[in-house]
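Trainee: Sharing a model that was predicted from the sequence below.
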Amino acid sequence: MSEILVVDDSKVMRDMIVACLRALSGTNFAHASSGLEAIERLSLAQFDLMVLDLNMPDIGGIEVLEFVRSQDTLRALPVLIVTTRGDDQSRERVLQAGATSFLAKPFTPDAIIGEVRAILAGSAESVA
């Protein structure tokens, strides 16, 4: 069973991401509506993947990503950035900060399902 944390300040977007990813069998979802809530959830439970928005009101996605990469217990957590910032500079910045993958909004269900499948398959291979 894969545990996925979906972090976005928009409830509609969180619900849309989960609706798309429900097509993947064997997945459970937790939600966080802010960067601070994401950090709290990460300290309370283990996740196999975090889907993270960049633009949030309290702690932005880049800061959450930097926090995750600075923690020994979270460093290997795969992080898929899903954001409205689809420009090359934003993509390069998040990948340099340690994101596993990057997906610009709007996205198709097939695109996010494909990204998540690839990430989860990659992390399963690295554990095996």
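Mentor: That came in fine, so what should we check first? Predicted model, so just to flag it, every value in this text is computed and none were measured.

Trainee: how far away is the residue most central in space within the chain from residue 24?
Mentor: Taking Cα atoms, centre = their mean, the centroid of the chain lies closest to residue 51, which sits 1.7 Å from it. Applying Cβ to Cβ, to the nearest Å, the value for residue 51 to residue 24 is 12 Å. C-beta: built from backbone N, CA, C; applies to glycine.

Trainee: if I look at the two, which residues touch both of them?
Mentor: residue 116 (Cβ atoms under 8 Å, 6 or more residues apart in numbering).

Trainee: and the lowest-mean-pLDDT helix or strand in the chain, C-alpha only, in CSV?
Mentor: Lowest by mean pLDDT, DSSP states H and E among the helices and strands of the chain is helix 109-127, with a mean of 82. Taking Å, rounded to 0.1, in the frame of the first residue of the first chain, the C-alpha atoms of helix 109-127 are listed here in CSV:
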residue,chain,number,x,y,z
PRO,A,109,-5.1,12.7,-15.5
ASP,A,110,-2.9,10.5,-17.6
ALA,A,111,0.1,12.8,-17.1
ILE,A,112,-0.1,12.8,-13.3
ILE,A,113,-0.8,9.1,-13.1
GLY,A,114,2.2,8.4,-15.4
GLU,A,115,4.5,10.6,-13.2
VAL,A,116,3.3,8.9,-10.0
ARG,A,117,3.6,5.4,-11.4
ALA,A,118,7.1,6.1,-12.6
ILE,A,119,8.1,7.6,-9.2
LEU,A,120,6.6,4.8,-7.1
ALA,A,121,8.2,2.2,-9.4
GLY,A,122,11.5,3.9,-9.1
SER,A,123,11.4,4.1,-5.3
ALA,A,124,10.3,0.4,-5.2
GLU,A,125,13.3,-0.6,-7.3
SER,A,126,15.7,1.4,-5.2
VAL,A,127,14.4,-0.3,-2.0
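
Trainee: Could you pull out the helices in this protein for me?
Mentor: 11-21, 35-44, 61-70, 88-96, 109-127 (DSSP state H).
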